[in-house]
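> Build the 3D model from these lines:
(chains A and B)
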Amino acid sequence: MSLLWLRFALGCYFIGLVYAFVALTRTSDLFSRIALHAASTGMIFHFVSLVEVFLSGKVVWASVHNDESLLAFFSMTFFMIIYAIYHTTSPGVVVFPIVFFLTFVAAVGQQPVLLTAFVSHNGWLIAHIILIFTGYAALVLSFGASLLYLLQESRLKSKKPTNMISFLPALEVIDQIGYRSLLLGFPFMTLGLLTGSVLAILVYGHVNFLDPKFSLSMLTWAVYMVMVFTRWNSGWRGRRAAVLATFAFVAALAAWAANYFSTIHRFAS
Amino acid sequence: MRYQLIGVNHKSAPVEVRERLAIPESRLPDTCRDLTAYPGIEEGMVISTCNRVELVTHTANGSADLRGFLHDHFHLKAEELDAHLYEFREKDAVRHIFRVAASLDSMVVGEAQILGQVKEAYATARAVGAVRGQLDQLFSRAFAVAKRVRTETAVGASSVSIASVAVELAKKIFGNLQGKNVFIVGAGKMSELAARHLMAHGCASIFVANRTYDRAIGLAQKFDGQAIRFDDLYETCDRADIVITSTGAPHAIFRREHGEQFLARRKNRPMFFIDIAVPRDVSPDMAKLDGIFAYDIDDLQQAVTSHVADRQKEAERAEAIIASEVEKFEARANTLDVVPTIVSLQDHLEMIRQAEIDRVRGRMGQLTPEQEMAVEALTRGIINKVMHTPITALKTAAKESEGTTIVDVVRRLFNLQVKEKEKAEPTQPSAKKDEVGTCQ
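The predicted structure is shown next:
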């Protein structure tokens, strides 16, 4: 049943996906309102789907599909918070495609695959997943904001009069969205990694530093930290910040892919 | 619909003529009173702005001597004035007022100020009783049309002056301008104007640097800002988010190395340079730096030109809205014109009916209640059936051009002329009630 709700949510997010492509070429208040309503409706279905998973009584959080669904939901939540503060749907240009992709993969209907080794430490596991995914969702937002910043910067530099009317918010607003997402996400990411390490010690008795999951996660965290530091210390914005954010995003994707070949963080069949 | 309008505007008359006709705000009420006291004028109001002076009236017979009023009131000879005047009547006057209120007749098409000015003129005239039913109806509709034009078209959406484009760009960079600092380098008129616009949008403080320090002090005082010695320019410039530069220097005064220094001190927070100097004050090298946004006079002018062209396109759409609104207004006004005739006709026939019933009563003596009811029903039925066709014809004719002719025919056939004049006063409120209802 949870899959059915998730598929309804997917349908709504599809409208957001279309918006993401349309918004790049033209400005339409009506369409951004439609996309926003569709995304809100999608979140309701998505929430129902997640509640059903939770009420199913089984510990199914540590499965690839439910995790993807959860990450998509957190990303949408961040998007909505930003909308509430800044009244702009433009981060959706980046967030909607990512959320659609994650929800699509989660909704294809394969049986969840459990990460059985950690199930005995349920509390730590849930804390780890929620913390790390909040960090990831913030990273998605700051990555999106840095791309939008580059886009808006190049528009303003091109000096074409038509670019003065655009769907993008002011440069400083985009910058704030990115920076606040970074600041918010970093502690979650840090705590997520710490709880993950605690879990590893509880299950295996030690942390395997050479495991690709661990090393790639640490790389993501290190780039994250460099981003926060360079921004705080030297105010890095624009191109340099976008390069770092892209690097962090790729590292995060690699860390996720490591689930398929890690020895300690594997989704067992 | 006996509207009549006369006036001059920026297209028809040079400023030398307009200024002789301009009426100070304090004298507007008296002018309105004088206008309505003039022969042949029932209602009148005066719109007086820097770009136009117009008398808008509702006349007794559709043709008042408004030129005569202007000659008398302003003590001007016909040869001095008449060549610059335009005059509109009835439907054309309605169209003109709609266009003025919607800012399609303005020097800068789409500017928002004119609507406020017309509303003020209307309020002034209304306060002295110079505007009543007819002009009330016209202007209520004009304000609604102006709102519709503004909502349905983008005629007022984009900036069409260098200063407002600069503000718009600053908002694209900084979002809210609250708390942003402005630096004026080179105290010129245009810099001052741009700075004034930025301050009006919330900028916090102003620094002024000029080669002549005294001029910097003078300009800084106007804005309650701070004068900076030109030698200290590079040390202080990074305190500003927006720099308006217009020096007469023969070469760029802001070069790449300056830009790098500013950004380093500002922790890469962006800076916006409005470079209105020729030759330019900001070197193209510096403008390429990430975080430096420099717009020169050509860039700004290009934006203005493009926006003006956009407004022209939108103005065409607005003209179509106005054309349809004028038609609607005319149809509604004509319908209201036939209402007194219909009321007179009903009264006339009712009077005949009552007289006939009284005559029958006198001949036949007291009737029983049943007989009374039967006679009432019978006579009323006949009257209603007789009136049905002429009333329908009047209502239909009101929407068409021959409305006035049919009204005249009906009045003559039933000899309503005298009665209508007698009833003119009592029927006025009910007609006005209708107008208010339709104008909301």
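
> residue contacts, residue 174?
By default, I'm working from chain A. Contacts for A:I174 (CB atoms under 8 Å, 6 or more residues apart in numbering or on different chains) come out as A:S90, A:A145, A:L148, A:Y149, A:Q152, A:L168. (Each C-beta comes from the backbone N, C-alpha and C, glycine too.)

> that's the wrong chain, I wanted chain B
So B:F174 contacts A:A170, A:L171, A:E172, B:K180, B:D241, B:I242, B:P270, B:F272 (CB under 8 Å, 6+ apart).

> does chain A sit close to the helix ranked longest in chain B?
Ranked by residue count under DSSP state H, the longest helix found in chain B is helix B:297-364. Yes: remark: helix B:297-364 sits within contact range of chain A at B:D299, B:Q302, B:A303, B:T305, B:S306, B:H307, by CB under 8 Å from any CB of the partner chain.

> can you check stretch B:156-163 too?
Yes: interface with chain A: stretch B:156-163 contributes B:A157, B:S158 (CB under 8 Å from any CB).

> Can you pull out the residues in contact with that stretch?
A:164-165, B:103, B:108, B:110-112, B:150, B:165, B:167-168, B:190, B:193-194, B:196-197, B:276, B:297, B:300-301, B:303-304, B:307-308, B:310-311, B:314.

> mind checking how far the residue nearest in space to the middle of chain B is from chain A?
Closest to where the C-alpha atoms of chain B average out (CA atoms, centre = their mean) is B:A101, at 2.2 Å. Distance, B:A101 to chain A, by CB to the nearest CB, to the nearest Å: 26 Å.

> Pretty sure that residue sits against B:R148.
No: in this structure, B:A101 is not within contact of B:R148 by CB atoms under 8 Å, at 10.6 Å.

> What is the subsequent helix or strand relative to the helix or strand encompassing B:T36?
If you go by DSSP states H and E, B:T36 is part of helix B:28-37. Where DSSP H and E defines the elements, the next helix or strand beyond helix B:28-37 is strand B:41-48.

> Can I get the following helix or strand past that next one as PDB, trimmed to CA atoms?
Next in sequence after strand B:41-48, counting helices and strands by DSSP H and E, comes strand B:52-59. Below are the C-alpha coordinates for strand B:52-59, written out as PDB (Å, rounded to 0.1, in the frame of the first residue of the first chain):
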ATOM      1  CA  ARG B  52      -1.400  68.300 -19.000                       C
ATOM      2  CA  VAL B  53      -4.200  70.600 -18.200                       C
ATOM      3  CA  GLU B  54      -7.700  69.400 -19.000                       C
ATOM      4  CA  LEU B  55     -11.200  70.500 -18.300                       C
ATOM      5  CA  VAL B  56     -13.700  67.500 -18.200                       C
ATOM      6  CA  THR B  57     -17.300  68.500 -18.200                       C
ATOM      7  CA  HIS B  58     -20.900  67.200 -18.500                       C
ATOM      8  CA  THR B  59     -22.900  69.700 -20.400                       C
END
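
> Just the buried residues of the next helix-or-strand element following strand B:52-59, please?
Following strand B:52-59 in sequence order, the next helix or strand is helix B:66-74 (DSSP H and E). Within helix B:66-74, the residues that qualify as buried by neighbour count (16 or more other CB atoms under 10 Å in any protein chain shown) are B:L66, B:F69, B:L70, B:H71, B:H73.

> One more: stretch A:41-51?
Those buried within stretch A:41-51 under the rule 16+ other CB under 10 Å are A:T41, A:G42, A:M43, A:F45, A:H46, A:V48, A:S49, A:L50.

> again with stretch A:123-142
Buried residues in stretch A:123-142 (16+ other CB under 10 Å): A:124-125, A:127-142.

> nearest residue to the residue in the stretch 251-400 of chain B positioned nearest to chain A other than its sequence neighbours?
Relative to chain A, the nearest point of the stretch 251-400 of chain B is B:K267 (3.2 Å; CB to the nearest CB). Spatially, and ignoring its direct neighbours in sequence, B:K267 is nearest to A:G235 (3.2 Å; CB to CB, 6 or more residues apart in numbering or on different chains).

> Point out where the chain drops to low pLDDT.
Going with chain A. Low-confidence regions of chain A, defined by pLDDT under 70, span residues A:1-2, A:24-28, A:57-64, A:109-121, A:161-167, A:260-269.

> my bad, chain B
Looking along chain B with the criterion set at pLDDT under 70, you get B:336, B:399-404, B:417-440.
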